[in-house]
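> build me a model from this:
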Amino acid sequence: QVQLVESGGGLVQPGGSLRLSCAASGFTLDYYAIGWFRQAPGKEREGVSCISSSDGSTYYTDDVKGRFTISRDNAKNTVYLQMNSLKPEDTAVYYCATSQSCLRKYTYWGQGTQVTVSS
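Residues are numbered from 1 along each chain as shown. Model (predicted):
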């Protein structure tokens, strides 16, 4: 059974850090591009970052460039999103998803993990 499970979310103060994990089961992550998305209350879901399967190229939305870092550990079948210098506007449910490439349709989605940035 194909499954993606996100973890690592929580409550953090502005300026703090969190590392989200996206663990895969039932398939091998290194054959796929993995994207991180987020959805804040009352807002559309938006893409945050993506890492390709072919050469490990990474992409970030402008809002998180320089603060977030996506990486993958194929041995652990896991993709990470290191989030530093967090801001209240980063508060959202964060999801990971798989695709054949970062610009194509995303097929499998995790259940999401809540990130709340508040003092």
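
> any idea what residue 80 is bridged to?
residue 21, residue 71 (DSSP bridges).

> distance of the residue nearest the centre of the chain relative to residue 119?
The centroid of the chain falls nearest to residue 36 when counting by CA atoms, centre = their mean (2.9 Å). Separation of residue 36 from residue 119 (CB to CB, to the nearest Å): 24 Å. In this view, the C-beta of every residue, glycine as well, is placed from N, C-alpha and C.

> go on, residue 17?
15 Å.

> who has more neighbours out of the two?
Taking other CB atoms under 10 Å, residue 17 and residue 119 do not tie; residue 17 has more neighbours (11 against 8).

> return the residues in contact with the more buried one.
Going by CB atoms under 8 Å, 6 or more residues apart in numbering, residue 17 touches 82, 83, 84, 85, 86.

> kindly recompute the last result at 10 Å.
Residues counted as contacts of residue 17 (CB atoms under 10 Å, 6 or more residues apart in numbering) are 67, 82, 83, 84, 85, 86.

> same question, residue 80
Residue 80 neighbours (CB under 10 Å, 6+ apart): 8, 19-23, 34, 36, 51, 69-73, 96.

> now residue 113
5-10, 18, 20-22, 38, 81, 92-96.
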